[in-house]
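Undergrad: Can you look at this prediction? I've put the sequence above it.
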Amino acid sequence: DSMTIPVRVIEPFAGFTISDTLICETGNNITLDDTSVLIGGTTATTLWKFGNGETRVDTAQFNYSYPTSGNYDLRLISSTPEGCKDSVSRLVIIKPSPKPGFTINQNIQCFNENEFLFTDTSKINSGIIDTVIWHYGNASIKQDQWLDTNNYSYSSHGVYQVKLYTSTLAGCSDSIIKQVEVLASPNANFIIDKDEQCFRENFFTFNAASTSIPEGNNSGFSWDYGDTSTANGITSSKRYNYPDSFLVSFRVVSDRGCPDTIKKLVKVNPTPTLQYQVNNPNQCFNENNFAFAGLANVSRGSISQTFWDLGDGNIKNGLNISHQFQEFGPYSIKFYAVSDAGCADTLFNSVNVRPSPTNEISVNDSQQCFGPHLFQFDAFKSKIADGSIIAYNWDFDDDSALLSGPGPFQKSFAIKRPHLIRLVTA
């Protein structure tokens, strides 16, 4: 007798294709395709083991990305319901990629003082970052060392995309981009009507209308006059209370909060201080001789010129002078001094030249015989141009007592000789 029993041999043959087995961590995305073959069976299950604890059941083509770098045993297991199995594995190496990063001290800055500090904070799981290149967003680049800090100042306002590129010797790279903004700053400027003035009449005007900004608007204007006083506005004026040099500061702020400051020096030169003396401010015309002594000082610098205006058309240079007036009357005296900075002062005073009397002696007969004789004198014709004569003093050139008054006087002389009659009036 005999019996025939059919048998079926079921044998799975596992297989797969992989797009790459050596790939950088960043952007890794491998394509896997199951190429397993089943002999003698109808169904088989495909189990993927990625070597990192993750699994997947799939027979179709798919893509897989490893989350971290490392060496992985990628295994495909093909099995049937009958318990038949086959597996195949490949070594997949995910090379570590740099993880770029950087910090910025302040990502929005004003143009006038912009200085960006970029600090490299890039990391890598293992190995080192070999290449670090900064792209500042304006065609400027800089190659640097890993984890260094560098500073950069932009030459114009605007928005810039800063990129940090990093790579390893194994050829793995990555980059990161951050945005910075350079705000337009004002260009402060002002003009001064006259930057050097004399103290007595000093009055400075300041005008900042020429201040500009390439983008946006200016919204705040302030002044510091250098003597603790301040003011606001695009124009201003100032009178200083004492002579000195002052550093005037003008500050402008844009509508985005960006400031600019400009400083200019002004000088307030001291005015000379004057004094003078005169020997006698009231003198009689006949003997007038006025002596003027001047004194001129200046707190800074020196006196370059002094002169006198004597009120009669005469001007004389110097500190100490003398002068005789040719007519009687009051005269306004002006003493001038000028400093080496051109600052002048004048001291006013006056003198008076009093008119002198014009004496005239009348005599009945100026020549008489020594015998009985009698001279008669008077001063009735004496006169003065202004005022009146109040004193008459007669000297008859003998031993007789002096007489006063205008006369008339009768006089006989005891000695035969010429006599010089003198009349003094006041």
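TA: Cool, the structure landed. Numbering: from 1, shown residues only.
Undergrad: helix or strand for the most centrally placed residue in the chain, which one?
TA: Centrality entry for the chain: nearest residue to the mean C-alpha point is residue 263, 2.3 Å, by Cα atoms, centre = their mean. Element membership for residue 263 (DSSP states H and E) is strand 259-269.
Undergrad: In its sheet, which strands sit next to that strand, and in what direction?
TA: strand 196-198 (parallel), strand 244-254 (antiparallel) (DSSP bridges).
Undergrad: buried residues in that strand?
TA: By 16 or more other Cβ atoms under 10 Å, the buried positions in strand 259-269 come out as 259, 260, 262, 264, 266, 267, 268, 269. Where you see a C-beta, it was placed from the backbone N, CA and C, and this is true even at glycine.
Undergrad: And stretch 233-249, by the same measure?
TA: So, applying 16+ other Cβ under 10 Å, buried residues of stretch 233-249: 234, 236, 238, 240, 243, 244, 246, 248, 249.
Undergrad: correct me, but the last one touches residue 226?
TA: Same thing as residue 249. Yes - using Cβ atoms under 8 Å, residue 249 makes contact with residue 226 at a distance of 7.1 Å.
Undergrad: next one: phi and psi at residue 287?
TA: Per-residue torsions, residue 287: phi -120, psi 20 (degrees, to the nearest 10).
Undergrad: show me what contacts the residue nearest to it when sequence neighbours are not counted?
TA: Of all residues not flanking residue 287 in the chain, residue 356 sits nearest, at 8.0 Å (Cβ to Cβ, 6 or more residues apart in numbering). By Cβ atoms under 8 Å, 6 or more residues apart in numbering, the contact set of residue 356 is 284, 285, 286, 287, 328, 384.
Undergrad: again with residue 197
TA: 203, 204, 266, 267, 268, 269 are the contacts of residue 197 under Cβ under 8 Å, 6+ apart.
Undergrad: Over to residue 229?
TA: residue 238.
Undergrad: repeat that for 7 Å
TA: Contact analysis of residue 229 by Cβ atoms under 7 Å, 6 or more residues apart in numbering lists nothing.
Undergrad: How about the one 4 residues further on?
TA: Contact partners of residue 233, counting by Cβ under 7 Å, 6+ apart, are residue 221.
Undergrad: Please repeat the previous calculation with a cut-off of 10 Å.
TA: Contacts of residue 233 were listed using Cβ atoms under 10 Å, 6 or more residues apart in numbering, and they are 206, 208, 221, 222, 223.
Undergrad: Phi and psi next, for the last one.
TA: Put plainly, it is residue 223. According to degrees, to the nearest 10, residue 223 has phi -120, psi 140.
Undergrad: Beyond the strand holding residue 263, next helix or strand please.
TA: Next helix or strand after strand 259-269 toward the C-terminus (DSSP H and E): strand 273-278.
Undergrad: What lies in contact with that next one?
TA: Against strand 273-278 from outside (Cβ under 10 Å, 6+ apart): 290-299, 303, 306, 308, 319-320, 323, 333, 335-337, 344-351.
Undergrad: if we go to 6 Å?
TA: Contacts to strand 273-278, defined as Cβ atoms under 6 Å, 6 or more residues apart in numbering, come from residues 290, 292, 293, 294, 295, 296, 297, 335, 337, 345, 347.
Undergrad: Return the subset of the residues you listed lying in strands.
TA: Members of the contacts of strand 273-278 lying in strands (criterion: DSSP state E): 290, 292, 293, 294, 295, 296, 297, 335, 337, 345, 347.
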